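In: Sequence and predicted structure below; questions after.
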Amino acid sequence: MMVYRLQFANLLTAFVMLFYVQNSGAEEAEKPSFYSHIKASVSQTWASDKTELYIPINTWHNRHYYSAEEIDNFNERPWGLGLGKYRYDEDGDWHGIYAFAFLDSNNDIEPIAGYGFQKVWQANDNLRLGIGYTAGVTFRGSIHYAPLPVLAPLFSIKYKQVALQSTYILGGNGYGNILFSWLRVELP
């Protein structure tokens with residue numbers, strides 16, 4: 001239940017920020033609102049003809065927040081699969097819409113869907129580093145598959161068409177504090 005409250009608080013904070021940013025610039029008619037910018041970005045990504053495959057590879061539970069017994073009982077191999085649409089904008093930044101499912105820490109199927117953005121630094125023609133966020137919804141068996149909002153950081157390193165992408169789920173003692181990683185493969 002504490003994880004749900006933490007995620008809900010994160011989502012509520014994001015909505016308050018969206019509302020504040022949208023209303024604070026209301027006098028400037030020539031500047032699009034933050035909401036309209038996000039809406040346009042999601043629409044452009046959805047219209048993209050580029051697809052990617054998502055392959056979950058690791059779920060690491062921070063040993064500082066869990067007992068050895070808990071760690072021994074957790075699944076850290078999140079078998080699963082997913083698909084997404086993506087695009088790179090005029091600045092070279094990545095935008096993605098995705099849906100995938102994997103085995104969570106308790107070996108329950110966990111579906112997730114959302115939108116991700118990463119500011120990208122291109123080291124050379126083949127290597128890119130990214131940092132950004134994802135916002136979406138997941139459904140966990142441990143809370144009877146009730147919708148659970150997700151707002152989390154994203155990190156990636158990409159070589160050619162394959163990226164290792166990760167997020168860290170914040171939490172407390174005995175919940176959250178999980179590094180979740182997957183491969184993101186651009187399809188031809």
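Out: That came in fine, so what should we check first? Numbering: from 1, shown residues only.

In: As a check, name the ranges of all strands in this structure.
Out: 51-61, 80-88, 94-103, 109-122, 127-139, 147-159, 162-169, 178-186 (DSSP state E).

In: Among these, which comes closest to residue 45?
Out: The closest of the strands of the chain to residue 45 is strand 94-103. By C-beta to C-beta, the value is 4.5 Å. Heads up, the C-betas are built off the backbone N, CA and C, glycines and all.

In: Each with direction, which strands does the closest one pair with?
Out: strand 80-88 (antiparallel), strand 109-122 (antiparallel) (DSSP bridges).

In: Looking at these, spot the one closest to residue 173.
Out: strand 109-122 (21.9 Å).

In: Report the buried residues of the closest one.
Out: Going by neighbour count (16 or more other C-beta atoms under 10 Å), the buried part of strand 109-122 is 110, 112, 113, 114, 115, 116, 117, 118, 120.

In: any chance of the residues you listed in CSV, with distance to residue 154 too?
Out: CSV is the format used below for the buried residues of strand 109-122 (distance: C-beta to C-beta, whole Å):
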residue, distance to residue 154
110, 18
112, 13
113, 15
114, 10
115, 11
116, 6
117, 8
118, 6
120, 11
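
In: and which of those residues is nearest residue 185?
Out: Taking the buried residues of strand 109-122 together and measuring to residue 185 by C-beta to C-beta, the closest member is residue 116, at 15.0 Å.

In: ok, and the closest non-adjacent residue to that closest one?
Out: For residue 116, ignoring the flanking residues on the chain, the nearest one in space by C-beta to C-beta, 6 or more residues apart in numbering is residue 134 at 4.1 Å.

In: contacting residues around residue 162?
Out: By C-beta atoms under 8 Å, 6 or more residues apart in numbering, the contact set of residue 162 is 183, 184, 185, 186.
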